[in-house]
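K.L.:
sequence unknown, structure follows:
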């Protein structure tokens, strides 16, 4: 599913925003590692529109999009999380998949809540940057919530890898696979 950028272009307040909307939609064509803040913002708008099934509303607080509220927030996100687009995509996915639930947000600034960023860094950054998962690493809360229904004693990636190796057909793995690539369990050291 792609970002329907034409509706934004049609309602843009000026030609600068029309060009800007075309830029943010280009996230689909650029490899994640090469994303800049425009692409990150485009992906956020896509996730927002998909999650709420309605169009994200830009603030249009500046005549130049580069000085807009949304770009300021996207810049802060790259400073606080990472400049690597693939990590920012993972952060946005994690945020929408596990932090929102039934909560309503109205802007990208929700991504900048200090406690949420710190939780992501604690749970995921060490594994993303190292690209390894240790068997003693504690499961993130969103995965633990799924697994604990089956067995609350499963608290680490090692426990989860053992369960997956012994019985990968359990229904809980379908839910986990939506938020975590189960093939990563084969890499647990």
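P.N.:
That came through fine. Because the structure is a prediction, the values reported are computed rather than measured.
K.L.:
Helices of the protein, start to end?
P.N.:
Ranges of helices in the chain, per DSSP state H, are 6-10, 15-25, 37-52, 69-80, 85-94, 114-120, 126-130, 141-150, 157-166, 172-177.
K.L.:
now for the first one, which elements pack on it?
P.N.:
Under the contact criterion of 3 or more C-beta pairs under 8 Å, 6 or more residues apart in numbering; DSSP states H and E, helix 6-10 touches helix 15-25. (Glycine included, C-beta is placed from N, CA and C.)
K.L.:
before we move on, the earlier item: ok, which of the helices of the chain comes nearest residue 188?
P.N.:
Of all these, helix 157-166 sits nearest to residue 188, with 4.5 Å by C-beta to C-beta.
K.L.:
Tell me the buried residues in that closest one?
P.N.:
For helix 157-166, burial by neighbour count (16 or more other C-beta atoms under 10 Å) applies to 157-161, 163-164.
K.L.:
could you dump those to TSV with distance to residue 171?
P.N.:
TSV is the format used below for these (distance: C-beta to C-beta, whole Å):
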residue	distance to residue 171
157	20
158	22
159	18
160	15
161	18
163	13
164	13
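K.L.:
Can you pull out the low-pLDDT segments for the chain?
P.N.:
Scanning the chain with the threshold set as pLDDT under 70 gives 1, 125-132, 187, 189.
K.L.:
What residue spans form the domains of it?
P.N.:
Split into domains by automatic domain parsing, the chain comes to 6-130, 141-187.
K.L.:
so how far is the last one from its chain's centroid?
P.N.:
What it means is domain 141-187. Distance of domain 141-187 from the chain centroid (C-alpha atoms, centre = their mean, to the nearest Å) equals 20 Å.
K.L.:
Point me to the residue sitting farthest from the middle of the protein.
P.N.:
Largest separation from the mean C-alpha position in the chain: residue 166, at 30.4 Å (C-alpha atoms, centre = their mean).
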